[in-house]
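In: model the structure of this input:
(2 chains)
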Amino acid sequence: MLEVENIHAYYGHIHALKEVSLTVEKGEIVTLIGANGAGKSTTLKTISGLLRPRKGSIRLDGEDLIRYAPHEIVVKGIVQVPEGRRIFGRLTVMENLEMGAFSCPDRRLNSANLERVFNLFPRLEERRNQVGGTLSGGEQQMLATGRALMANPRVLLMDEPSMGLAPVLVDSIFDTIRQLHASGTTILLVEQNARMALQVATRGYVLQTGTVVLSDTAENLRRNEMVRQAYLGES
Amino acid sequence: MIPGSTRMVFLPDPRPMPSNFFSTVKTIYEATLEDGFSMWKRMKERMTPTDIVMWLIGGGMLALIIWGSTATLIAGRYTAHHWFDFMVFGLAQGSIYALIAMGYTMVYGILRMINFAHSEVFMSGPYTAYFVAAFFYSSGFLDQQPIISLLAIFLVSMSVSTLIAVLLERIAYRPLRNAPRLVPLITAIGASFFLQYTFRGLYGSGFQAYPVVKILEGEWAFWDFRILKFQAVVIVAAALLMAALYTFIQRTRVGKAIRAVSEDKEASSLMGIDIDRMIVTTFVIGGMAAGAAGVLYALMFKQVHFSMGFIPGIKAFTAAVLGGIGNIPGAMLGGIFLGLVESVGPSLFLDGLGIVAPYQLKDAIAFTMLVLVLIFRPTGILGEKLAVKKA
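Out: Reported below is the predicted structural model:
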């Protein structure tokens, strides 16, 4: 469904991504794991159009996405939950969710989506008129995820959803990811928490200094000696 | 978030644990002494000689204002009617500032940049509409159909101002979107001069007298008080426009998107919001408000000139800073406050001090307020700390 082929991306003179290729099939959860600065977030940024690759191609169902601006890529169906949540702190929960549905003019679809988001996160319905900045970290993550779901994602990109959250909340975030998977959402998940990510994912890619060094099913990656040592903290 | 921006402060507690009542009292007493002393010490460490001078200046001004006002009121040269007239004039002038200030504050909110060419956006509309007004006047249409004429004048003025605002964004600011912040600021000043002298070249360098609209002449009486009709119209029209604008920003989909983009451009684009379109919309709204404010200004002062935008523009910028730049209700409040202080202030604060021509000092009062706000409360009346947001 989503095919990233041999992309090279730069921050100024820094060669951040070197020949990264990956694919995500419909209904899959694919995870990208790797250390800080390995290029995980950069890959997502490039797919979302925030960073333009110098070489390579990004296709969704065969259509090349590189010529589109970030907001047009959202309309095509690739929606990102950005790192650090980035909710609109001065807008209310409802307004945040409306912003997620900005590109979708279909009212009936939007209210169906809203119902789905409130079913998934009842807490958001309780706080619908509260200003985003006053939510707790876990609630903000719910809002960021809900906001992205309002945009009818065909592929949902999630960048470090568990970052900075208490262990209980991390569990609930991964429960949500499982629920989304069960309802058929396609997800590309970037995580530092490799253990959890490899538990929910179907397949995974390991990034090291801007290159894919390993790709396999999640199960095989969990057993892989190198992954166990470097990312799962086992010896 | 900037890495390493979170600073941890550890304050060790040097007080010994109290073992009985007396020692507890003693400890608290000593601790209080110590706290008071260390607070004083910390204050002394933080205070610089500049701070002291600044607070002395501020205190001196406050004393001067109180002294002047008391003296004025005791002298009793002005009656209640005078004060009422000052207030109404201040309110009318302040509403015009408020409308212009919306443009400054909204553009700052979304681009973090002061659009210094906004005074020319304000000038271009009413100056162009002057020719329409003059034509209506000479053909007698203005007297026959004053309402339709006024609507047409507003329409022309708002369209021209909007056009200039949009062209400014497209030509002067968009190519510099990612440049260092000083660059678009300098460009704005350049664009301001460019526009002033272009309009001077097109329309001439003299003052043009705006035709008088007969239905707005005269006054309405409320019991004992009289209001000049055109001032009342200015106040009501500005209030309606501001209410409409505020509703647009708060309630509509596009208004909410503008607020979202003001907060976080990248996250907004990840939500499918076209940032460029929202920025253009912001300039359109600011241009419309400025164009309308321009006609109200022309109705009040009855003349237009190629440099008419300069002083009201800077005053409106002051109003926006006063209210907290980036904050829309703040700009409205700041504008009205500035208008009132400018109109009531000279007579109230300065007359009692025996100054011969206090009213000539109204601009000095306005800009003194700008300086004071920048020194003592740089975030303005309703502004939040920008530093906190960036951390």
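In: what residue ranges in the chain score low on pLDDT?
Out: No chain specified, so I'll use chain A. Where chain A drops to pLDDT under 70, the residues are A:235.
In: please refer instead to chain B.
Out: Within chain B, the stretches falling below the threshold (pLDDT under 70) are B:1-36, B:39, B:44, B:383-391.
In: and the longest helix along chain A, what does it pack onto?
Out: Using DSSP state H, we find that the single longest helix of chain A is helix A:167-182. Counting contacts by 3 or more Cβ pairs under 8 Å, 6 or more residues apart in numbering or on different chains; DSSP states H and E, helix A:167-182 packs against helix A:107-120, helix A:137-149, strand A:186-191, helix A:194-200. In this view, the C-beta of every residue, glycine as well, is placed from N, C-alpha and C.
In: just want the angle from that helix to helix A:107-120.
Out: Put simply, helix A:167-182 runs at 140 degrees to helix A:107-120, going by axes from the mean of the first three to the mean of the last three Cα atoms, to 10 degrees.
In: quick one: helix A:167-182 to helix A:137-149, angle?
Out: Taking the same axes, to 10 degrees, one finds that helix A:167-182 is oriented at 20 degrees with respect to helix A:137-149.
In: okay, domains of chain A per the record?
Out: Following automatic domain parsing, one finds the domains of chain A at A:2-77+A:153-230, A:89-152.
In: put together CSV for those domains, with distance to residue B:146 and mean neighbour count on each row.
Out: Converted to CSV, the domains of chain A look like this (distance: least, Cβ to Cβ, whole Å; neighbours: other Cβ atoms under 10 Å in any protein chain shown):
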stretch, distance to residue B:146, mean neighbour count
domain A:2-77+A:153-230, 46, 18
domain A:89-152, 42, 19
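In: sorry, back to before: could you dump the helices and strands packed on helix A:167-182 to JSON lines with distance to residue B:338?
Out: Putting the helices and strands packed on helix A:167-182 into JSON lines (distance: least, Cβ to Cβ, whole Å) gives the following:
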{"stretch": "helix A:107-120", "distance to residue B:338": "42"}
{"stretch": "helix A:137-149", "distance to residue B:338": "38"}
{"stretch": "strand A:186-191", "distance to residue B:338": "50"}
{"stretch": "helix A:194-200", "distance to residue B:338": "56"}
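In: and of those, who's closest to residue B:332?
Out: Nearest to residue B:332, of all the helices and strands packed on helix A:167-182, is helix A:137-149, at 29.9 Å by Cβ to Cβ.
In: right, and the helices and strands packed on helix A:167-182 - which one's nearest residue B:65?
Out: Of all the helices and strands packed on helix A:167-182, helix A:137-149 sits nearest to residue B:65, with 46.0 Å by Cβ to Cβ.
In: ok, back up a step: of the helices and strands packed on helix A:167-182, which approaches chain B most closely?
Out: Proximity to chain B, assessed across the helices and strands packed on helix A:167-182 by Cβ to the nearest Cβ, is greatest for helix A:137-149 (6.7 Å).
In: and the next helix-or-strand element following the closest one, which strands flank it?
Out: If you walk from helix A:137-149 toward the C-terminus, the next helix or strand you reach (DSSP states H and E) is strand A:155-159. The sheet places strand A:155-159 alongside strand A:78-81 (parallel), strand A:186-191 (parallel), with pairing taken from DSSP bridges.
In: closest one to residue A:129 among the ones you listed?
Out: When those are ranked by proximity to residue A:129 (Cβ to Cβ), strand A:78-81 comes first, at 22.6 Å.
In: ok, and the closest non-adjacent residue to residue A:78?
Out: The spatial neighbour of residue A:78 that comes closest, neighbours along the chain excluded (Cβ to Cβ, 6 or more residues apart in numbering or on different chains), is residue A:155 at 5.1 Å.
In: let me know the secondary structure of residue A:59.
Out: The local conformation at residue A:59, judged by DSSP: H, G, I helix; E, B strand; the rest coil, is strand.
In: grab the nearest non-local neighbour of it.
Out: On the basis of Cβ to Cβ, 6+ apart, the spatially nearest residue to residue A:59 that is not a chain neighbour turns out to be residue A:3, at 4.7 Å.
In: just checking, that neighbour touches residue A:58?
Out: Yes. Between residue A:3 and residue A:58 there is a contact at 7.4 Å, judged by Cβ atoms under 8 Å.
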